[in-house]
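1. sequence first, then the predicted structure:
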Amino acid sequence: MGKNWKFVTVLADKQVKEEEDVTLRCQTNTGDVTVTWEKKDQKLCCVEGKHRTGKEGSAIFLEIKKVELGDEGKYTALAHNDSLWGRAGQGWLGQNMHGLRQDPIISALKSFKISSGDVKELRFLLHGPVGAGKSSIINTIKTIFEGHQYINCLTGSALTGESLTTKFEKFNVGDVPFTFYDVMGLEKGGSKGVHPDDIISALKGHVPNNYEFKACAPIDKDNRHYILDPTLNDKIHCLVSVIPADTISRMDDEVIQKMRNIRVAASELRIPQVVFLTTVDQSCPMTKKDMTKLYQSRKIKQKVDECRNKLGVAPNCIFPVKNYHEETKPNEQLNCLMLEAFTQIVHSADDFVKRNSSQQETVE
């Protein structure tokens with residue numbers, strides 16, 4: 001077939017009442033295409049139970065369940081022929097790092113306004129196995145926004161298997177309204193690491209800042225620190241699962257299952273979820289040498305596919321990233337890779353806030 005594929009129909013405008021289901025559909029002249037979806041020119045991160053995407057022959061579709069006010073927007077289907085993988089600077093997700101500059105992305109994020117005036121900051125919770133790079137992600141993002149190497153967020157080691165994070169710890173990012181929460185790493189068994197129930201309670205807004213986790217005793221209503229009636233400001237607005245690309249094949253099945261259970265709980269709460277796939281430079285020599293070739297790397301694509309299979313996450317919600325580790329000077333390629341992922345979770349979290357703010361107003 002070569003390059004000769006095209007859309008033969010376009011997405012039609014849809015007017016839908018709240019609580020109804022809607023399906024956006026268009027047609028190509030072949031079934032041999034890979035499709036990603038955008039909302040308001042940002043990659044759409046599908047929420048389990050909310051979104052469903054797929055292909056039926058040469059037709060592609062996006063189904064949205066129980067439409068809410070926050071679902072309104074312009075949706076775009078991006079398709080590319082699998083036989084053209086890796087050509088013209090675009091890779092397996094249609095991504096292209098060439099020409100990206102950090103300053104416009106940083107400026108856009110610094111001027112970002114949260115949709116609801118009742119929410120002071122967008123809250124992101126990072127979770128994953130010990131040594132995955134949760135704390136390093138926070139250090140990297142703070143480094144980008146604060147203009148100097150930030151190393152105050154202590155990082156654990158996958159080699160020692162020990163998590164240095166023991167509390168539900170809050171980290172602000174520069175002067176922008178974005179906040180990260182770090183937790184202990186997930187571990188095999190029930191006597192070490194963060195308990196999945198604590199993460200689920202944090203998602204719901206029941207866990208206060210600086211609460212010290214107890215692996216064998218997750219927080220509950222009888223705990224004096226438990227927030228009984230959390231507001232939207234107390235809740236987590238986006239869940240970020242952190243997975244190390246170089247060791248994903250060796251991750252313990254029990255830890256994977258814990259992460260899947262947490263994802264199910266987040267889906268029931270309609271909280272958007274993404275995966276940050278770390279240590280990509282350790283997984284691919286080509287990427288380590290030239291970060292702009294990340295989306296042309298078959299090895300990284302294999303890691304994304306493996307992550308998708310293990311956690312059940314759509315590929316367009318998996319973001320390969322690299323943290324500052326050996327670098328002592330700013331690296332714009334590294335920054336752009338992280339900023340692209342960060343921009344996506346900001347918009348996903350804001351969609352969640354907008355949707356839940358409108359629901360509160362309806363109830364009131």
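-> Yep, it's here.

2. tell me how many other residues surround Pro208.
-> Using other CB atoms under 10 Å, Pro208 has 16 other residues around it. (Glycine included, C-beta is placed from N, CA and C.)

3. what's the pLDDT at it?
-> pLDDT recorded at Pro208 is 95.

4. hang on, it packs against His225?
-> Yes - the pair Pro208 / His225 is scored as a contact, 5.3 Å apart, by CB atoms under 8 Å.

5. what about the strands in the stretch 151-300 of the chain?
-> For the stretch 151-300 of the chain, applying DSSP state E, counting those that start in this stretch gives strands covering 169-173, 176-182, 238-244, 273-278.

6. what packs against the shortest one?
-> Translated: strand 169-173. On a contact count with 3 or more CB pairs under 8 Å, 6 or more residues apart in numbering; DSSP states H and E, strand 169-173 meets helix 134-146, strand 176-182.

7. hey, least reliable of these by pLDDT?
-> helix 134-146 (a mean of 92).

8. strand 176-182 and that helix, what's the angle between them?
-> Taking axes from the mean of the first three to the mean of the last three CA atoms, to 10 degrees, helix 134-146 and strand 176-182 form an angle of 160 degrees between their directions.

9. may I see the buried residues of helix 134-146?
-> 134-145 (16 or more other CB atoms under 10 Å).

10. same question, stretch 60-72
-> When neighbours are counted by 16+ other CB under 10 Å, the buried residues of stretch 60-72 are found to be 60-62, 64, 67-68, 70-71.

11. ok, and what's touching that stretch?
-> Under the criterion CB atoms under 8 Å, 6 or more residues apart in numbering, residues 16-28, 33, 35, 37, 44, 49-55, 75, 77, 79, 351-352, 354-356, 358-359 lie in contact with stretch 60-72.

12. low-confidence regions, the stretch 1-150 of the chain specifically.
-> Where the stretch 1-150 of the chain drops to pLDDT under 70, the residues are 1-10, 30-33, 80-99.

13. who does the strand or helix carrying Thr36 touch, helix- and strand-wise?
-> Using DSSP states H and E, Thr36 maps to strand 33-39. In this structure, strand 33-39 packs against strand 51-56, strand 59-64, strand 75-81, with contacts taken as 3+ CB pairs under 8 Å, 6+ apart.

14. out of the ones you listed, which is closest to Phe180?
-> strand 51-56 (24.9 Å; CB to CB).

15. mind listing residues that contact the closest one?
-> Residues from elsewhere that reach strand 51-56 (CB under 8 Å, 6+ apart): 31, 33, 35, 37, 44, 46, 60-65, 314.

16. now the biggest helix by length in the chain: average pLDDT?
-> Identified as the longest helix of the chain according to DSSP state H is helix 332-363. Helix 332-363 shows a mean pLDDT of 86.
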